[in-house]
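Q: pasting a predicted model and its sequence here:
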Amino acid sequence: MPAFESLPYRPCAGMTVFNRAGLVFVGRRAGGPEHVDATHVWQMPQGGIDENEDAYKAALRELYEETNIRSVEKLGEIAEWLAYDIPRDTVGAAWGGKYRGQKQKWYALRFTGEEREINITAPAGGHAPEFIDWRWVKIGELPDLVVPFKRETYERVVREFERFAR
C-alpha cells in the first residue's frame, strides 16, 4: 500500500439538512471500522461524488439514496472543500485503501417535506441502508456526536451554517 501521505482524498458531498424548527438531521451509522464507541456514531448524510458529477447534484443524489429525502431547498454552501484524514489504522478497511480521507463540499438544505418521506431502512434506488436510526438535533451538538477525526470539519460546518438554525 502506498504511503498514507501520498494517498488522495475521496471527493464527497455533505448535507446539513434543517427542518422547519431549525434542527439538523443526523443518522446513526450502521457501523464501520472507524467507530470507536456508542456516542460518536452519528453523522449528517454524506457520500461520494462520481467522476465528472456536479457536486450539488451528487449531494441531492446521496441524500435521496441514504434517507429517501427529495423535498429540500438549498440554503447555502461552503465555498471551499473541507478535508479530513481517517485514522491511519483504518485506511486499509475504508474504500479499499485508495484514499487517506475525504474532501467534502458542504451544502445547507431546508427539508420542506413531511417526516414520513424520510426512510432510512429502505432508502431509494435499492441501496443498502447506511443508517439504523435518525433524529433531529441542535446544530451545536453536531461536533460531539461525530467520530473524533471528523470533529474539526463539523465545527466548521456549524460555524458556517448556524445562521440557518434560527
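A: Good, I have the coordinates. Numbers count the residues shown, from 1 in each chain.
Q: quick one: the strands in the protein, in order.
A: 9-18, 24-29, 42-43, 46-48, 72-77, 82-85, 101-111, 131-137 (DSSP state E).
Q: could you list every helix and strand in contact with the shortest one?
A: Read that as strand 42-43. Counting contacts by 3 or more CB pairs under 8 Å, 6 or more residues apart in numbering; DSSP states H and E, strand 42-43 packs against strand 24-29. Where C-beta positions appear, they are placed from N, C-alpha and C, glycine not excepted.
Q: just the angle between the strand it packs on and strand 9-18, please?
A: Strand 24-29 runs at 130 degrees relative to strand 9-18, counting by axes from the mean of the first three to the mean of the last three CA atoms, to 10 degrees.
Q: from the chain's centroid, how far away is strand 24-29?
A: Remark: strand 24-29 is offset 9 Å from the chain centroid, using CA atoms, centre = their mean, to the nearest Å.
Q: now tell me what touches that strand from outside.
A: Strand 24-29 is contacted by residues 16-19, 35, 41-45, 66-67, 69, 111, 118, 120, 130-139, 142, 145, 165 when judged by CB atoms under 8 Å, 6 or more residues apart in numbering.
Q: if we can go back for a sec, now the strands of the chain as TSV including mean neighbour count and mean pLDDT?
A: TSV is the format used below for these (neighbours: other CB atoms under 10 Å; pLDDT from 0 to 100):
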stretch	mean neighbour count	mean pLDDT
strand 9-18	22	96
strand 24-29	22	95
strand 42-43	20	94
strand 46-48	20	95
strand 72-77	15	98
strand 82-85	17	94
strand 101-111	23	96
strand 131-137	15	96
